[in-house]
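# the following comprises the amino acid sequence and a computationally predicted model.
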Amino acid sequence: MDNFCGHSRNHATVTLMTFQDLPSNWPSRPLTSPDLVHDVLDLCVNNADRVNGGLSVLVLRENLTLAQPIFVKGPLPRLDRLETLTSLFRGCSRDGLDGFFVVGIVHELPGLSDDDRALHQDMLNVCAELGFRLVSTHLLTDSATVMLPVARLAA
């Protein structure tokens, strides 16, 4: 059952695709507001990427402003996913010392799958192991951008 359709604080935020209302100073603003993050993700992920799927990784500076967008095309193979995520996040960090990221799970069809949930948990675990911060995770489809609920790490 999907748990991200509501608009309350306990649920994720659903936003229709648009980046035309980005504020002119968006590059200097921290990517902490779901609406701003959704607009920036929509700017960075084109329609072809939504059809083919992949990961949109927004590498952030310490002040949580955008440093560099990266797109990893196609689904990550489940077998090697932890190693792939570790290499990806470590490679995008400054000297492997710190990292701040917003990630979009990108696919054409709406709806959060069990594999999307597992990928989200894997990203949280890898970032925690590396001492990095996964600021937020979002699902981008051909019709909407959805912020995933903040998950807790297993104790």
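Everything's here; your move.

# quick one: residue 126 and residue 86 touch, right?
Yes - contact criterion C-beta atoms under 8 Å: residue 126 and residue 86 qualify, at 5.4 Å. Any C-beta I mention is one placed from the backbone N, CA and C, and that applies to glycine too.

# looking at those two, which one has more neighbours?
The residue with more neighbours, out of residue 126 and residue 86, is residue 126; 21 against 16, by other C-beta atoms under 10 Å.

# where do the strands of this structure begin and end?
Secondary structure of the chain (DSSP state E): strands at 14-16, 54-60, 66-73, 100-106, 133-140, 144-147.

# could the ones you listed go into TSV alongside mean neighbour count, mean pLDDT and distance to residue 114?
Formatted as TSV, those follow (neighbours: other C-beta atoms under 10 Å; pLDDT from 0 to 100; distance: least, C-beta to C-beta, whole Å):
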stretch	mean neighbour count	mean pLDDT	distance to residue 114
strand 14-16	15	49	20
strand 54-60	22	96	17
strand 66-73	15	94	20
strand 100-106	25	96	12
strand 133-140	22	95	13
strand 144-147	22	88	16
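
# want to throw those strands into CSV with distance to residue 30?
Below are these laid out as CSV (distance: least, C-beta to C-beta, whole Å):
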stretch, distance to residue 30
strand 14-16, 18
strand 54-60, 8
strand 66-73, 9
strand 100-106, 10
strand 133-140, 9
strand 144-147, 15
